[in-house]
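Colleague: no sequence on this one, just coordinates:
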Ligand code: MG
């Protein structure tokens, strides 16, 4: 089997509500997503999506992904799509780094591999651990009252794990947010306080050692060394995210005792292949992990969730889905601001996602077990070969580029 064509689409994904993090210094209203379809000479096609969370969250941006893919596509032409590791090495020789651009290609190769094997991706990635992954919410920075209202909305959709975005230069404001959320927390709920690298080490130690809560604090400072320094001066467990881009970064985090857990995101790491390496390393060293992507539609979410489902439950915390934050990712006829249309399941009905910041559209209620979406807080995956979801090409519109 040979790769015969690579087609690339660009799609803007407006958010239902503006989103703020890192104490409000980073704000987002729309995401720039790249979809990749890899066709083969034997008729199989694989899909991938790469969608950085804006261009200020990580060293990644949408237009960069597409131009990097334009550079990489000719090197992949005529190759066997089953040689996933070899093709990743080939891409690395052609263009070192830029994992966010390689991620949709790598995911599309995995989709083809799953279809060839007749197995869903979670089976190829290690096998399902349980039958669902718990859904985790993502709570934009705001006043304590605003954040509690968002947590309550997520709670009604079954989320029991929440990532509350805090951070800034005003310690009393962050302490007030944390204390207010902790006071409203229900038994069995977990809240991670995600600082998104906003604090200096001194500020981090001040806040983390003042609050009564004992729980996860995520990416308190900019660098790995700063976070490791903070970890030595507090009893609070730390989760790392933005400062981990390569395997070496994860090795350094482990050696420095910088964290007890990490976020595992294919788009940040370079695709499912690299994310699987990190996931397996995390299991070996005893980390706990949130496996999810940086953003995007159900295509990106589903790829990450296959990896999440195949992660042992003792190492797996909840997974966040981007879908509920998007105007567009709803069923046909819903008429989202970005053009409506939505995404469809491969050989399935229109797709709608049920929890979060908007109401579900019951007329498009999807079939159980098809697509990665939350069912009352349990994210279930399609039990069909490959990724199990493909975007509607009418919704995608004209391709950005076709390589053949
Ligand atoms: Mg984070």
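Modeller: Perfect, thanks for sending it. All figures in this text were calculated on a predicted structure; none of them were measured in a lab. Residues are numbered from 1 along each chain as shown.
Colleague: going forward, measure contacts between C-alpha atoms and count neighbours the same way
Modeller: OK.
Colleague: as a whole number, average confidence for stretch 242-256?
Modeller: Stretch 242-256 comes out with an average pLDDT of 98.
Colleague: I meant to write stretch 265-281 there.
Modeller: In the prediction, stretch 265-281 has an average pLDDT of 98.
Colleague: now swap in stretch 164-175 and tell me
Modeller: When pLDDT is averaged over stretch 164-175, the result is 92.
Colleague: do stretch 304-312 as well
Modeller: Regarding stretch 304-312, the rounded mean pLDDT is 98.
Colleague: And that stretch, how far out from the chain middle?
Modeller: 12 Å (Cα atoms, centre = their mean, to the nearest Å).
Colleague: try stretch 145-155
Modeller: Centre-to-centre, stretch 145-155 and its host chain are 21 Å apart (Cα atoms, centre = their mean).
Colleague: Repeat that for stretch 47-65.
Modeller: Offset of stretch 47-65 from its chain centre (Cα atoms, centre = their mean): 11 Å.
Colleague: Show me which positions of the strand ranked longest in the chain end up buried.
Modeller: Criterion DSSP state E: the longest strand present in the chain is strand 3-21. For strand 3-21, burial by neighbour count (16 or more other Cα atoms under 10 Å) applies to 3-16, 19-21.
Colleague: Over to stretch 300-317?
Modeller: 300-312, 315-317.
Colleague: before we move on, the earlier item: the longest strand of the chain: what's the following helix or strand?
Modeller: Counting by DSSP states H and E, the next helix or strand C-terminal to strand 3-21 is strand 26-40.
Colleague: could you check the angle strand 26-40 makes with the helix or strand just after that next one?
Modeller: Counting by DSSP H and E, the element after strand 26-40 in chain order, helix or strand, is strand 45-50. On the basis of axes from the mean of the first three to the mean of the last three Cα atoms, to 10 degrees, strand 45-50 is oriented at 160 degrees to strand 26-40.
Colleague: what does the helix or strand that strand 45-50 is followed by contact?
Modeller: Using DSSP H and E, the next helix or strand after strand 45-50 towards the C-terminus is helix 62-76. Contact with helix 62-76 is made by 3, 6, 8, 10, 32-34, 50-52, 54-55, 87, 90-91, 94-95, 98, 100-102, 403, as judged by Cα atoms under 8 Å, 6 or more residues apart in numbering.
Colleague: Let me see the mean pLDDT of helix 62-76.
Modeller: In this model, helix 62-76 has an average pLDDT of 96.
Colleague: what comes into contact with the next helix or strand after that helix?
Modeller: Next helix or strand after helix 62-76 toward the C-terminus (DSSP H and E): helix 84-94. For helix 84-94, the external contacting residues (Cα under 8 Å, 6+ apart) are 72, 75, 76, 81, 102, 106, 109, 110, 273.
Colleague: continuing past helix 84-94, what's the next helix or strand?
Modeller: Immediately after helix 84-94, counting by DSSP H and E, sits helix 99-117.
Colleague: tell me the angle that following helix makes with helix 84-94.
Modeller: If you take the same axes, to 10 degrees, helix 99-117 sits at 160 degrees to helix 84-94.
Colleague: What lies in contact with the next helix or strand after helix 99-117?
Modeller: Using DSSP H and E, the helix or strand that follows helix 99-117 in sequence is helix 121-124. Contacts with helix 121-124, where a contact means Cα under 8 Å, 6+ apart, come from 110, 111, 114, 128, 303, 306, 307, 309, 310, 385, 386, 387.
Colleague: mind checking how far residue 324 is from residue 380?
Modeller: According to Cα to Cα, to the nearest Å, residue 324 stands 15 Å off from residue 380.
Colleague: Of the two, which one has the most company?
Modeller: Using other Cα atoms under 10 Å as the criterion, residue 324 and residue 380 rank with residue 324 on top: 26 against 23.
Colleague: I'm done for today, thanks for sticking with me.
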